[in-house]
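*Asks:* Coordinates for the following, if possible.
(chains A and B)
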2 protein chains.
Amino acid sequence: MRTGVDVEVREVGLRDGLQSVSTFFPSAEKIAWIRAEAACGMPEIEVCSFVPPKLIPQFTDAVEIVAAALEIPNLSVSALTPNLKGALRAFETGVHKLNYVTSVSESHNQSNVRRSTDESVEDFRRIVEARDQHAQAANTRLGVGLSTAWGCSIEGAVDPDATMRLAGRFAEAGADELAICDTVGYANPTEVKALLSRVVKEYGDGVDIAAHFHDTRGLGLANVYASLEAEVFRYDATLGGLGGCPYAPNATGNIVMDDLIFLLEGAGLRTGVDLDKLIAVREIISRNLPNEALHGMYALAGAPKGFQSTSQVA
Amino acid sequence: MRTGVDVEVREVGLRDGLQSVSTFFPSAEKIAWIRAEAACGMPEIEVCSFVPPKLIPQFTDAVEIVAAALEIPNLSVSALTPNLKGALRAFETGVHKLNYVTSVSESHNQSNVRRSTDESVEDFRRIVEARDQHAQAANTRLGVGLSTAWGCSIEGAVDPDATMRLAGRFAEAGADELAICDTVGYANPTEVKALLSRVVKEYGDGVDIAAHFHDTRGLGLANVYASLEAEVFRYDATLGGLGGCPYAPNATGNIVMDDLIFLLEGAGLRTGVDLDKLIAVREIISRNLPNEALHGMYALAGAPKGFQSTSQVA
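*Replies:* Next up, the predicted model:
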């Protein structure tokens, strides 16, 4: 984690947000968004997905976007891959972190990446090997997102023990980070605190633990607070709450980055992000996606009187 | 608290919601709303305010509304009063609980009820005496709402010690319940847990402790979860998030009752309220206030697959 930062927030709007948006977001505007958010102090941005461009044309420009993002100083650049093939394309770019995804629920994994969770673990082992042998990827860290950890829109309830077992297999296979994900907005703060406490206790010494919430049923920020209680200090979010999952019906809305930062800074936890500067960046999204609703209560209500964020960028 | 209920939720939309709405909500429709919500298992409803009708014409029918609500079995009927004069009107009705309000912030108290907090405490002592001497009010419990406990739109930050001192004075003066209120949506879950833990420890043995949040900056339900951690089990909310405070600019939006119940029931805490029946009651608000935006994510997204509320009403 960057020096002087207590909690690492990561913008995933360019990936999790845009993957469900059919309008192509022009490459130059993606780069403008990334630069503007980096200038607010955002420590990490997931800038694209290395899915097959035929499947999601939004990410046709993945290589170009990563290259532009890597030129920005003090920004950790990450990208997503669903498989080895995407990983090999990503490694060529020298991206700082590559995030791989597997659903804890077998049905969701089949629907999302068309293979069993066993096959997903095997694929990840091959990605680790490929990274270790790849000249440009020597410093590329590997994250794993465990989707549907608190419930699945196909199977319903998901056993926390299943998440723990899968987390263990990925940790053993060489994941540098495990992101526990409420892909469809089912999680409850009580369950979040319980599961994340176990994950942190079991795997937190060797692996970075992160959390990823959707606000589908309004509990996203309550789940963040529950995660803080479990000593998780890495959170995905999207500016203005852009986002969803194309395979999870109604799962619209990552948690809102702006409100997340208000929560964290209000608790005295330094994010390194200048919240009032960040609010102005929303305009880049709205001018390119005028038909997408942007969310976020802080942007509407403004700062409380006398509120001082600890993180301000000159 | 009602038998079989772990957490008491209280609908305050007919008071905190309607006080900022200039359109008169017809009395028969108010009564329909109260009956419909009571039929979902709602244990307590704050049905009106005994403010001078000239000040807020919405509450001209206060006496009639209380009388109708008192006929509903198994419903605790409460109302608000800003002063002794309103209390005397309320006592005539035999209302079950009367809620008095004082702001911790002197400026907000002056703006809201035009007196100092010292004078508010003195006024409350007179209300307790009046209750004790009033034939119809022998069983009327007295609640006190401490507004702006986590910040004030006029003064900014509010000292937690000031809230503790004022809570102590009202406990000593005979309050049966203390509701700690984030009137303007400034509270942060870390501060909420800290302050409410102190309140519960200091006054929780003799007095019921409740919490009242607005979702102005998106942290309302995170603040509820923080309050549960502080062992507070009584929450105000409004169906569809109707509400605000006429004296607190931008403080629109009590926390959404529907999402609150989803949080609680998902955590295995019984509210006694049938959530899916409750969602249908939103229609009574929208047909009477077509220009008021209703909030709530659960109402949009529906129940998670396999989700079973513990509270269902036949």
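*Asks:* mind pulling up the phi and psi values for A:Cys152?
*Replies:* phi -130, psi 140 (degrees, to the nearest 10).
*Asks:* nearest residue to it other than its sequence neighbours?
*Replies:* A:Ser105 (3.6 Å; Cβ to Cβ, 6 or more residues apart in numbering or on different chains). Where C-beta positions appear, they are placed from N, C-alpha and C, glycine not excepted.
*Asks:* So the one you found is in contact with A:Ala157, correct?
*Replies:* No - between A:Ser105 and A:Ala157 there is no contact under Cβ atoms under 8 Å: 9.5 Å.
*Asks:* Neighbour count: those two, which is higher?
*Replies:* A:Ser105 (27 against 16; other Cβ atoms under 10 Å in any protein chain shown).
*Asks:* OK, contacts around the more buried one?
*Replies:* By Cβ atoms under 8 Å, 6 or more residues apart in numbering or on different chains, the contact list for A:Ser105 reads A:Ser147, A:Thr148, A:Cys152, A:Ile154, A:Glu155, A:Val158.
*Asks:* Now do the closest residue to A:Gln58 other than its chain neighbours against A:Leu75, distance only.
*Replies:* Take A:Gln58 and drop its neighbours on the chain: the residue closest to it by Cβ to Cβ, 6+ apart is A:Leu18, 5.0 Å away. Using Cβ to Cβ, to the nearest Å, A:Leu18 is found at 18 Å from A:Leu75.
*Asks:* So if I had to pick from these two, which one is more boxed in?
*Replies:* A:Leu18 (28 against 21).
*Asks:* Which residues are in contact with that one?
*Replies:* A:Phe25, A:Lys30, A:Gln58, A:Phe59, A:Leu242.
*Asks:* Equivalent analysis for A:Gly168, please.
*Replies:* Each residue near A:Gly168 by Cβ under 8 Å, 6+ apart is listed here: A:Glu202, A:Tyr203.
*Asks:* quick one: which helix or strand includes it?
*Replies:* Element membership for A:Gly168, per DSSP states H and E: helix A:160-173.
*Asks:* Wasn't the residue nearest to A:Gln58 part of a strand?
*Replies:* No - secondary structure of A:Leu18 (DSSP: H, G, I helix; E, B strand; the rest coil): helix, not part of a strand.
*Asks:* So what's the predicted local confidence for it?
*Replies:* On the pLDDT scale, A:Leu18 is placed at 95.
*Asks:* Report the backbone C-alpha coordinates of the longest helix along chain A in PDB.
*Replies:* Longest helix in chain A, counting residues (DSSP state H): helix A:117-133. Extracted in PDB, the C-alpha atoms of helix A:117-133 (Å, rounded to 0.1, in the frame of the first residue of the first chain):
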ATOM      1  CA  THR A 117     -14.100 -24.000 -10.500                       C
ATOM      2  CA  ASP A 118     -11.600 -26.900 -10.600                       C
ATOM      3  CA  GLU A 119     -10.700 -25.900 -14.100                       C
ATOM      4  CA  SER A 120     -10.500 -22.300 -13.100                       C
ATOM      5  CA  VAL A 121      -7.900 -23.100 -10.400                       C
ATOM      6  CA  GLU A 122      -5.900 -25.200 -12.900                       C
ATOM      7  CA  ASP A 123      -6.100 -22.300 -15.400                       C
ATOM      8  CA  PHE A 124      -4.800 -20.000 -12.800                       C
ATOM      9  CA  ARG A 125      -1.800 -22.200 -12.100                       C
ATOM     10  CA  ARG A 126      -0.900 -22.000 -15.700                       C
ATOM     11  CA  ILE A 127      -1.200 -18.200 -15.500                       C
ATOM     12  CA  VAL A 128       1.200 -18.100 -12.600                       C
ATOM     13  CA  GLU A 129       3.600 -20.300 -14.500                       C
ATOM     14  CA  ALA A 130       3.300 -18.100 -17.600                       C
ATOM     15  CA  ARG A 131       3.900 -14.900 -15.500                       C
ATOM     16  CA  ASP A 132       7.000 -16.500 -13.900                       C
ATOM     17  CA  GLN A 133       8.400 -17.200 -17.400                       C
END
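*Asks:* Before I go, just wanted to say thanks for your time.
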